[in-house]
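Chemist: Predicted structure and sequence below. I'll ask about it afterward.
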Amino acid sequence: DTGVSQNPRHKITKRGQNVTFRCDPISEHNRLYWYRQTLGQGPEFLTYFQNEAQLEKSRLLSDRFSAERPKGSFSTLEIQRTEQGDSAMYLCASASRSNTEAFFGQGTRLTVV
Amino acid sequence: GENVEQHPSTLSVQEGDSAVIKCTYSDSASNYFPWYKQELGKGPQLIIDIRSNVGEKKDQRIAVTLNKTAKHFSLHITETQPEDSAVYFCAADSYGQNFVFGPGTRLSVLP
């Protein structure tokens, strides 16, 4: 399968704990996006990487959120001191250098209890 | 910033009928408009897209039209089938850095 891969698929954590999600984009896709989606809503933009550079961040990305893409390949999204309001589906997408088309992974569903 | 509205929020059609979903956007700089289909528990799947230099694009049973002057674009699905039942999202983008999504349309195709 050469699509966007996200791990884990599901994560249940207690409030206050830290969680980290991983995204492996389609090979050679230099653009990578993180989105958050709550039930019944459209995906909301969190952040965008071009290669290893984080070029855009949403106001939704509070200080508790941090994303990295150290070698321009896979990316991680960390949430510190999780809150119940962080419960959502976290989606990763990637796009190639020459094409605007963005392809999404299956997402990581986070439940904060 | 960009704002994308989408209507209707729910749509029920009989199998074999056509379905139309409409979106409007606010930022005249937006020049790329993808449509995604999302099934329960899965990530959004790109089904068709259109760029601002094109007015219409068709791929088998689905088509998208764009009116840049009015800042609206629409998804048309003909000869609907039960497997078309899903949530559909439109999106708008100007620089490939930030896709803004509409709130979604839940399409139900009744057999």
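Modeler: All right, it came through fine.

Chemist: Mind telling me what element residue 36 is part of?
Modeler: All of this refers to chain A. In the assignment (DSSP states H and E), A:Arg36 maps to strand A:31-37.

Chemist: not what I meant, chain B
Modeler: Using DSSP H and E, the element containing B:Tyr36 is strand B:32-38.

Chemist: which helices and strands sit right next to that strand?
Modeler: With contacts taken as 3 or more CB pairs under 8 Å, 6 or more residues apart in numbering or on different chains; DSSP states H and E, strand B:32-38 sits against strand B:45-51, strand B:62-67, strand B:86-92. Glycine gets a C-beta too; all of them are placed from N, C-alpha and C.

Chemist: So which of these is nearest chain A?
Modeler: Each of these has some distance to chain A by CB to the nearest CB; the shortest is strand B:86-92, at 5.2 Å.

Chemist: Next, the angle strand B:45-51 makes with the closest one.
Modeler: 30 degrees (axes from the mean of the first three to the mean of the last three CA atoms, to 10 degrees).

Chemist: quick one: contacts for the residue lying farthest from the centre of chain A?
Modeler: Note on chain A: the largest separation between a C-alpha and the mean C-alpha position, by CA atoms, centre = their mean, falls on A:Ser98 (21.8 Å). The contact partners of A:Ser98, by CB atoms under 8 Å, 6 or more residues apart in numbering or on different chains, come to none.

Chemist: what's the distance between it and A:Gly105?
Modeler: 21 Å (CB to CB, to the nearest Å).

Chemist: so B:Val4 touches B:Lys22, yeah?
Modeler: No: judged on CB atoms under 8 Å, B:Val4 makes no contact with B:Lys22 at a distance of 11.1 Å.

Chemist: higher neighbour count, the two?
Modeler: Under the neighbour definition other CB atoms under 10 Å in any protein chain shown, B:Val4 and B:Lys22 were set side by side, and B:Val4 has more, 24 against 17.

Chemist: Can you name the residues bridging to the more buried one?
Modeler: When bridges are called by DSSP bridges, B:Val4 pairs up with B:Tyr25.

Chemist: Quick check: closest non-adjacent residue to A:Ser66.
Modeler: Distances taken as CB to CB, 6 or more residues apart in numbering or on different chains put A:Glu78 closest to A:Ser66, at 5.1 Å, once the chain neighbours are dropped.

Chemist: ugh, wrong one, A:Ser96
Modeler: Here the nearest residue to A:Ser96 in space, its sequence neighbours aside, is A:His29; by CB to CB, 6+ apart that works out to 5.1 Å.

Chemist: Mind pulling up the pLDDT for the one you found?
Modeler: Per-residue confidence at A:His29 stands at 92 (pLDDT).

Chemist: Can you say which helix or strand has it in it?
Modeler: A:His29 is located outside every helix and strand, with elements delineated by DSSP H and E.

Chemist: quick one: it from chain B, how far?
Modeler: Relative to chain B, A:His29 is positioned 12 Å away (CB to the nearest CB, to the nearest Å).

Chemist: Tell me how many other residues surround that residue.
Modeler: Residue neighbour count, defined by other CB under 10 Å, stands at 19 for A:His29.

Chemist: how close does it sit to B:Tyr36?
Modeler: In this structure, A:His29 and B:Tyr36 are 17 Å apart, going by CB to CB.

Chemist: need the helices and strands packed on strand B:32-38 in JSON lines with mean pLDDT and mean neighbour count, can you?
Modeler: What follows is the helices and strands packed on strand B:32-38, written out as JSON lines (pLDDT from 0 to 100; neighbours: other CB atoms under 10 Å in any protein chain shown):
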{"stretch": "strand B:45-51", "mean pLDDT": "95", "mean neighbour count": "17"}
{"stretch": "strand B:62-67", "mean pLDDT": "97", "mean neighbour count": "18"}
{"stretch": "strand B:86-92", "mean pLDDT": "97", "mean neighbour count": "25"}
